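Visitor: predicted model and sequence follow; I will ask about them next.
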Amino acid sequence: MLLEKWFLKDLKYFLLTCKDRVSISKVHAVVITSGIFSNGISPCQLITSYFRTADRNFAHTLFDSLPKRGINSWNAMLIGYSRGNDPLEVINLYKQMRLERVKPDSSTFTVAIKACTSLMDINSGKEIWKNAVECGYGDDIFVGSSVLNLYAKCGKMDEAMGVFEKMSKRDVVSWSTMITGLVKSGKAREAINLYRRMQKEGLEGDGVVMLALIQACANIEDLKMAYSLHAYMIRRGFHMDGVAQTSLIDMYAKYGKVDIACSLFRTMSYKNVVSWSTLISGYARNGYAGNALQLLIEMQSCGFEPDLVSLVSALLACSQVGFPLLGREIHGYIVRRRLDVNQNQVLGTTLIDMYAKCGLLSRAHVLYKRMSSDDIILWNTIIASYGIHGQGEEALSIFHQMIETDTKPDHVTFASLLSAMSHSGLVDEGRYWFDVMIKEYKIQPMEKHYVSLIDLLARAGRVEEARSLIGSMECEPGIAVWVALLSGCINHKKFSIGELAANKVLELNPNSPGIYALVSNFFATAKKWDEVAMVRKIMKTGGMKKFPGYSVVEVNGKLHAFVVEDKSHPQYGEIMGILEEMENEMRDMGYVPKTEFVLHNVEEEVKVQMLRNHSERLAIGFGILNTGNGTRLVITKNLRVCGDCHEAIKFISVIVKREIIVRDMKRFHHFKNGRCSCGDYW
DNA sequence: GTAGGGTTAG
């Protein structure tokens, strides 16, 4: 049979798109019987077609049966295996080809280097790159880009940059390989600068570049840059696909701009589980627990099944506001969905963290015991969990277990450990492990480590030692360091070092009323009334942004939030009644209101009223009114517990014979029988 | 015909 020209054309077109192996075999048969491999359809076209059907065996049989295998047939095989995600076979074929002394071309080298990249085999990749240069393909833009990607994926950005700078021609792909590589290796600034260079050379980025730039902007602290990138994309009329939109949502959420993130999300025409999860996590990260949990529910009502990421973010929201009931419910949902906590380290760790932060340390411990594998973050989490509950000894013992399993502690481990010790008064242990951290583990102490250690020393009254430790710091001591020292000075009435600390704190212009309250409290303790007045004046004229304090209490499965002086609450009158009633009893027991915690220039009696109206007091009053005798109360406060409230709650725990647990931004306070687990320091 | 990406979580 002789094939007409038009028929040949049809067959070639047919082969380009056909995905049915039987049809391809038929064409194959026609081609063989008419003997036209040389002047019509080539074997490599058939090989490519066979690969498209995912039938490698047919392709391989054909390839093996060829009497003479030219470069195109070899390349068809390499590309076929490359597309079929079989890099090992690509490398094998490449080696075989070299043995048979077939001369590779640009495609061969490109695909072979790409295979090495998938295998993260930098040495073979370099070897092939050397071959390519020897064969005269050192300046080939495809080969070059695949080498850039090889280095980038293996984390060798410096070497990638070396090759990049030597390239005689570059296109969008080579630039984008570099930009993406820089972003992935945490060099967001450099990525953005490289894009500027690319623009100077007259090139504009495409979707791949934009995606990398969005991620770059999400990883730096430069809101202006983020805005201008977004504006630039809009100006250029850039088509945003779902991935780009989701990345933008994430970027805005990382800047705390949840409103923008939300409106972007609302305008998305095709949402998927990832876009829902991104916004949920954005809300949770920024403290909008209610919005996060609401969105989880909305997501389900829109027919999306929450994935691990959205569940983890929702759990994060629960731990922030201290909502153990909902946290347990989500845990139940996870079990019902048969999502194995042991199969997902992140989920397990988040659950442990949630239970601990919601005051259920024993549940956290049970889960921790059940985890079949451990990693550094799990260890850090459980150590921190015991730490915030004031169980420093237990934290230390878990730290020892961690070392026994040959897990190397990192800076987070030591931060948790030191903070655990500072919450339990393990002074000498703290000093010891601080030194071990530096000498044995070669971890440069960061400010957070100093803060814990200074807090620990100052609490124990060793303020001179704490002071000299600050002097030895390599980094500039920040406000947290001086605050830690100042707190100790108040408790131990160390006025001269305290004054130094107080002035340092003021010099650093704290933007937090709580810190000014502490400074004022110090001056009041030292009976320096002029200074107390000065602090008040700074607060008044400073135009300080007040972060509203609130307390949340879980009563009968529902969360109830209170702000200071929450008169809008239907039970406000009753709550005031019980608080006043208790206060009379407390005074008989020796309670004296610490009015220096009120920074308003008002009558003494008004100050007492203001203290009574603190959100944690209201939450406790509400809890006492609405739960049965002896019920344990768990309160979560977004700021630190006020010093007067701390004192008052000790008395309240005696009067109502209840365990009261207050979690503030730092730690847990277990009040029982007139005592607090944190000692007398808050 | 061969090169670059794929967003979210502890």
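Guide: Yep, it's here.

Visitor: okay, CA-based contacts and neighbour counts for the rest of this
Guide: Will do.

Visitor: per-residue confidence averaged over stretch A:18-31?
Guide: Averaging pLDDT along stretch A:18-31 gives 72.

Visitor: my bad, stretch A:118-126
Guide: Rounded mean pLDDT across stretch A:118-126 is 96.

Visitor: what residues sit buried inside that stretch?
Guide: Buried residues in stretch A:118-126, defined by neighbour count with 16 or more other C-alpha atoms under 10 Å: A:118, A:119, A:120, A:122, A:124, A:125, A:126.

Visitor: ok, the first one - contacts?
Guide: Residue A:118 makes contacts with residue A:87, as judged by C-alpha atoms under 8 Å, 6 or more residues apart in numbering.

Visitor: tell me how far the residue nearest the centre of chain A lies from residue A:256.
Guide: Closest to where the C-alpha atoms of chain A average out (C-alpha atoms, centre = their mean) is residue A:285, at 8.3 Å. Using C-alpha to C-alpha, to the nearest Å, residue A:285 is found at 8 Å from residue A:256.

Visitor: same check, this time on residue A:589
Guide: 46 Å.

Visitor: quick one: which of those two has more around it?
Guide: Set residue A:589 next to residue A:256 and count neighbours by other C-alpha atoms under 10 Å: residue A:256 wins out with 17 against 11.

Visitor: doesn't that one lie inside a strand?
Guide: No: counting by DSSP: H, G, I helix; E, B strand; the rest coil, residue A:256 is not part of a strand but coil.

Visitor: can you list phi and psi of the residue in the stretch 451-600 of chain A positioned nearest to DNA strand B for me?
Guide: Going by C-alpha to the nearest atom of the strand, DNA strand B is nearest to residue A:452 of the stretch 451-600 of chain A, at 20.2 Å. The phi and psi values for residue A:452, taken as degrees, to the nearest 10, are phi -60, psi -40.

Visitor: isn't it up against residue A:426?
Guide: No: judged on C-alpha atoms under 8 Å, residue A:452 makes no contact with residue A:426 at a distance of 11.3 Å.

Visitor: between those two, which one's more packed in?
Guide: More neighbours surround residue A:452 than the other of residue A:452 and residue A:426, with 26 against 19 (other C-alpha under 10 Å).

Visitor: contact partners for that one?
Guide: Residues near residue A:452 by C-alpha under 8 Å, 6+ apart: A:415, A:418, A:419, A:422.

Visitor: and if we set it to 7 Å?
Guide: Contacts of residue A:452 were listed using C-alpha atoms under 7 Å, 6 or more residues apart in numbering, and they are A:418, A:419, A:422.

Visitor: isn't the first one right up against residue A:428?
Guide: No: under the contact definition of C-alpha atoms under 7 Å, residue A:418 does not touch residue A:428, with a separation of 10.9 Å.

Visitor: same drill for the two, tell me which one is more crowded.
Guide: residue A:418 (32 against 12).

Visitor: distance of residue A:168 relative to DNA strand B?
Guide: As judged by C-alpha to the nearest atom of the strand, to the nearest Å, residue A:168 and DNA strand B stand 12 Å apart.

Visitor: what segments of the stretch 51-200 of chain A are strands?
Guide: Using DSSP state E, counting those that start in this stretch, the stretch 51-200 of chain A contains no strands.

Visitor: from the contacts of residue A:452, pick the one nearest DNA strand B.
Guide: For these, the residue nearest DNA strand B by C-alpha to the nearest atom of the strand is residue A:419; the value is 16.8 Å.

Visitor: my hunch is that the closest one is in a helix, does that hold up?
Guide: Yes: per three-state DSSP, residue A:419 lies within a helix segment.

Visitor: which ones are touching it?
Guide: Contact analysis of residue A:419 by C-alpha under 7 Å, 6+ apart lists A:387, A:452.

Visitor: at 8 Å instead, please
Guide: Contact analysis of residue A:419 by C-alpha under 8 Å, 6+ apart lists A:384, A:387, A:388, A:449, A:452, A:453.

Visitor: need the nearest residue in space to the third one, chain neighbours excluded.
Guide: Put plainly, it is residue A:388. Computed as C-alpha to C-alpha, 6 or more residues apart in numbering, the closest residue to residue A:388 that is not its neighbour in sequence is residue A:667, at 4.5 Å.

Visitor: hang on, isn't the one you found packed against residue A:389?
Guide: Yes: with contacts defined as C-alpha under 8 Å, residue A:667 counts as touching residue A:389 at a distance of 6.5 Å.

Visitor: my guess is residue A:402 contacts residue A:380, does it?
Guide: No: with contact defined as C-alpha under 8 Å, residue A:402 does not count as touching residue A:380 (9.4 Å).

Visitor: the more surrounded of these two?
Guide: Of the pair residue A:402 and residue A:380, residue A:380 is the one with more neighbours under other C-alpha under 10 Å, namely 24 against 19.

Visitor: burial measure for residue A:29, as a count.
Guide: 12.

Visitor: before we move on, back to that, residue A:617 versus the residue nearest to residue A:388, what's the distance?
Guide: Relative to residue A:617, and taking C-alpha to C-alpha, residue A:667 is found at 18 Å.

Visitor: after the helix or strand bottoming out on mean pLDDT in chain A comes which helix or strand?
Guide: The weakest-scoring helix or strand in chain A, judged by mean pLDDT, DSSP states H and E, is helix A:5-17 (a mean of 67). Toward the C-terminus, helix A:5-17 is succeeded by helix A:21-34 as the next helix or strand (DSSP states H and E).
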